[in-house]
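In: Next comes the sequence, and after it the predicted model I'd like to discuss.
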Amino acid sequence: MEAKKAEVKKTFREKVEPFVKNYCFECHGDRKMKGGVTYHPALKNPSDAAYSRRWLMGLATVNAHDMPPEEADKQPTDHERQMFVDWVEQLKYLSPKDPGAFVIRRLTKAEYGNTLHDLLSVDASVVSELPDEVAGEGYMNTLSSLQMEQYLGIANDALKRVLSAKDASPTAVEKRLLGPAPAAGGDERAAAQQVARGLARRAFRRPPSVEELDVLMSVFDLGLRNKLGYNGALRLMLKAVLVSPQFLYITPANEVAAGSQIVPLDDYQLASRLSYLLWSTMPDDELGALADEGKLHEPAVLRAQVARMLKDARSRALFDGFGAQWLGLGDLADKTFDTTKFPQMTPALRTAMYDEGRLFFESIVQENRSVVSFVQSDYTFLNETLAAIYGMEHTVKGAQMRKVKLTDANRGGILGMPGILATTSFPNRTSPVKRGVWVLEQVLGQHVPPAPPNVPTLEKQDKKKIANLTLRQRTELHRTNVVCANCHKILDPIGFGLENFDAIGRWRNADETGGAIDAAGELPGGKRFSAPKELKGIIAARSDELARNLTEKLLAYALCRQLEGYDEIVVDGLMNDIQKNGYRMQSVITAVVTSYPFMNRRVVETVGGGASGKK
């Protein structure tokens, strides 16, 4: 590793720094920040995680020949470009061993609802009034005063549903959480302290500290002072628990030695991190018991728990949280479509499209199939509504989703899945560019540079010039703009390869203009195809890229932040075991859960927004 680090540093000093100064500084130097980007500070400390995205953006634009711009006086040779690209990919070796920024994160809306369900036996829909998290690179962990009012309102609502009326017999939830009242003349405060300890252990997902118990007991005392009686004071304490930071956030249990910088997660926090990853809810009794015994961190025990939890119905949460975000299906319900062109896009069809993706994802997890199956498979899940999009409405009847064997090789897998084809389209037509970007970024894990500013869209092309052109011909005309050409030569072939599918995923042989679909294309490396099934075959053959991309995205989701620096070295190691196990999905999940960044943390904690891997 030290030899590799020295080599990367030497290449930086001798080649990369001169490259950046020679070709990039005119627009992105110490005094110029075109597009808000400067490489001046990154040159001083190239391995700083703060600049990792800048280097990746540089890699994408230089590799696509977007930078330097066509009009620049100085242009690097292809050899120089490749040198820069290769160096950025080796930058990880300059990173110290580090589990990355540690985020004490707030429960998401779904997690909060599920946790209330498990704690109070209340329906998870009690949180329906909370706003959804904003999709993108994480969500804000801070709590505004308005949000606190919402949480308090939800706590009140939840307690009304499960607690008995005044002077009525206690409900099952009250008996489980609050226990019986002490006998007449008994020590109410001692009894309340026992309740507080048990309640906090369950709700905080770890043993409470002395200070935390003192806070809860002060709430109990407040209730007594206000003449609420023993049971009323306990109810007030329970309400305080439901709006406490320890309940709303996932927090560590143990104090760490002074001077520590990186420590293993304690078993209680590991149990929560695992449970919220796979189930989107609090740890169950078995996880809690293993944490109490201090055994959960043992590799064999942890792997066994992953296997157990994936068999549980609650593991559906892995799709609803991670899978839907990865595939983009979480946005389908609210996506706008032209109702005149696509009246079929009813709520029922959108639900079926989402469920197809979910059931397909779950089948790969439960049957421990290779991740290649996401691209190349011969089955899917349909009901009568969705079957109509496949042209199979005469063979699939009824509203129930069921597994269906596919005989058309152009179908099967996520590239031919209607819900994904719909989310990567415009409201009124397909988008070869959006589909190409989706495949490159979400399936193969490549970095695609953003579109340059001030480039006119297809809709702004000369109407007379494009009157008799197909969408492919119009897009190719768009590529004559030198600013657009370099990226489009990579994106467009993939998108054109999927053009036989319309904007909601139906098969077609002609586009909206009546022109014949031309799905032929060529990918870098000379791989040619003429139909979706051939494109799928080419992408499926890139199994290492598929598996690495999925591993990186799942790890980022599990950590609630974007990957950087040492994370890439970790993934290199994970890929060895994943490859040996045939790229099987459960191997990917287990590798992530047993990885160094998942099981360790920096002592310096940050409360704030995470990054990619929205939870």
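Out: Sure, I can see it. Numbers count the residues shown, from 1 in each chain.
In: only C-alpha atoms for contact and neighbour calcs from this point on.
Out: Fine.
In: Low-confidence ranges, the protein, go.
Out: 31, 35, 133-144, 450-469, 472-488, 604-615 (pLDDT under 70).
In: what does the biggest helix by length in the chain rub up against?
Out: Ordering each helix of the chain by length in residues (DSSP state H) puts helix 347-366 first. By Cα atoms under 8 Å, 6 or more residues apart in numbering, the list of residues contacting helix 347-366 from outside reads 310-311, 316, 319-320, 323-324, 329-330, 332-333, 369-371, 373-374, 380-383, 385-386, 401, 414, 417-419, 585-586.
In: So what are the sheet partners of the helix or strand just after it and their directions?
Out: Counting by DSSP states H and E, the next helix or strand C-terminal to helix 347-366 is strand 379-382. When pairs are called by DSSP bridges, strand 379-382 turns out to pair with strand 402-405 (antiparallel).
In: residues of the strand it pairs with that come out buried?
Out: Residues of strand 402-405 classed as buried under the neighbour-count rule (16 or more other Cα atoms under 10 Å) are residue 402.
In: Over to stretch 245-256?
Out: Counting neighbours by 16+ other Cα under 10 Å, one finds that the buried residues in stretch 245-256 are 246, 247, 248, 249, 250, 251, 252, 253.
In: What is the burial count for residue 590?
Out: Counted by other Cα atoms under 10 Å, the residues lying close to residue 590 total 18.
In: repeat for residue 410
Out: The tally of other residues near residue 410 (other Cα under 10 Å) stands at 22.
In: Is it correct that it falls within a strand?
Out: No - the assignment for residue 410 is coil, going by DSSP: H, G, I helix; E, B strand; the rest coil, so no strand is present there.
In: Residue 416 is in contact with that one, correct?
Out: Yes - taking Cα atoms under 8 Å as the contact criterion, residue 410 and residue 416 are neighbours in contact, 6.8 Å apart.
In: Need the overlap of contacts for those two.
Out: residue 532.
In: At which residues are the strands of the stretch 501-615 of the chain located?
Out: Counting by DSSP state E, counting those that start in this stretch, the segments of the stretch 501-615 of the chain that form strands are 521-523, 527-529, 600-602, 605-606.
In: winner for burial among these?
Out: strand 600-602 (a mean of 19; mean count of other Cα atoms under 10 Å).
In: what about the nearest residue to residue 297 once chain neighbours are set aside, neighbour count?
Out: The spatially closest residue to residue 297, leaving aside those adjacent along the chain, is residue 267, at 6.1 Å (Cα to Cα, 6 or more residues apart in numbering). Other residues lying near residue 267 total 25 when counted by other Cα under 10 Å.
In: do residue 360 as well
Out: Neighbourhood size, residue 360 [other Cα under 10 Å]: 23.
In: Next: residue 1.
Out: Under the criterion other Cα under 10 Å, the count of neighbours that residue 1 has is 8.
In: repeat for residue 518
Out: Neighbours of residue 518 under the rule other Cα under 10 Å: 20.
In: Give me the distance between it and residue 501.
Out: 12 Å (Cα to Cα, to the nearest Å).
In: try residue 60
Out: Counting by Cα to Cα, the gap from residue 60 to residue 501 is 29 Å.
In: Can you pick out the residue with more neighbours from the two?
Out: Neighbours of residue 60 and residue 501, each counted by other Cα under 10 Å, are more numerous for residue 501; the result is 25 against 20.
In: beta partners for the more buried one?
Out: Partner residues in beta bridges with residue 501: residue 507, with DSSP bridges as the criterion.
In: just checking, it touches residue 421?
Out: Yes - counting by Cα under 8 Å, a contact exists between residue 501 and residue 421, whose distance comes to 7.4 Å.
In: mind exporting the longest helix of the chain as PDB, just the C-alpha atoms?
Out: Listed in PDB are the C-alpha atoms of helix 347-366, where the atom choice follows Å, rounded to 0.1, in the frame of the first residue of the first chain:
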ATOM      1  CA  PRO A 347     -52.800   5.100 -10.100                       C
ATOM      2  CA  ALA A 348     -53.500   1.400 -10.400                       C
ATOM      3  CA  LEU A 349     -50.900   1.000 -13.200                       C
ATOM      4  CA  ARG A 350     -48.300   3.000 -11.300                       C
ATOM      5  CA  THR A 351     -48.800   0.900  -8.300                       C
ATOM      6  CA  ALA A 352     -48.400  -2.300 -10.400                       C
ATOM      7  CA  MET A 353     -45.200  -0.900 -12.000                       C
ATOM      8  CA  TYR A 354     -43.800  -0.200  -8.500                       C
ATOM      9  CA  ASP A 355     -44.800  -3.600  -7.200                       C
ATOM     10  CA  GLU A 356     -43.200  -5.300 -10.300                       C
ATOM     11  CA  GLY A 357     -39.900  -3.700  -9.400                       C
ATOM     12  CA  ARG A 358     -40.300  -4.600  -5.700                       C
ATOM     13  CA  LEU A 359     -41.200  -8.200  -6.200                       C
ATOM     14  CA  PHE A 360     -38.400  -8.600  -8.800                       C
ATOM     15  CA  PHE A 361     -35.900  -7.100  -6.400                       C
ATOM     16  CA  GLU A 362     -37.100  -9.300  -3.600                       C
ATOM     17  CA  SER A 363     -36.900 -12.400  -5.700                       C
ATOM     18  CA  ILE A 364     -33.200 -11.800  -6.400                       C
ATOM     19  CA  VAL A 365     -32.500 -11.200  -2.700                       C
ATOM     20  CA  GLN A 366     -34.600 -14.100  -1.400                       C
END
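In: buried set for it?
Out: 349-362, 364-366.
In: what's the helix or strand for residue 344?
Out: Under the criterion DSSP H and E, no helix or strand holds residue 344.
In: In stretch 579-593, which residues are buried?
Out: Using 16+ other Cα under 10 Å as the burial criterion, the residues of stretch 579-593 that qualify are 579, 582-593.
In: now for the helix or strand where residue 159 lies, which elements pack on it?
Out: Residue 159 belongs to helix 145-162 when assigned by DSSP H and E. Using 3 or more Cα pairs under 8 Å, 6 or more residues apart in numbering; DSSP states H and E as the contact criterion, the secondary-structure elements in contact with helix 145-162 are helix 109-120, helix 229-242.
In: show me where the stretch 201-350 of the chain has helices.
Out: If you assign secondary structure with DSSP state H, counting those that start in this stretch, the helices in the stretch 201-350 of the chain sit at 210-225, 229-242, 245-248, 267-278, 285-293, 299-311, 317-318, 324-327, 347-366.
In: looking at the ones you listed, which is closest to residue 32?
Out: Proximity to residue 32 (Cα to Cα) singles out helix 324-327 among the helices of the stretch 201-350 of the chain, at 36.1 Å.
In: Identify all contacting residues around the closest one.
Out: So helix 324-327 is contacted by 330, 357, 358, 420, 442, 553, 614 (Cα under 8 Å, 6+ apart).
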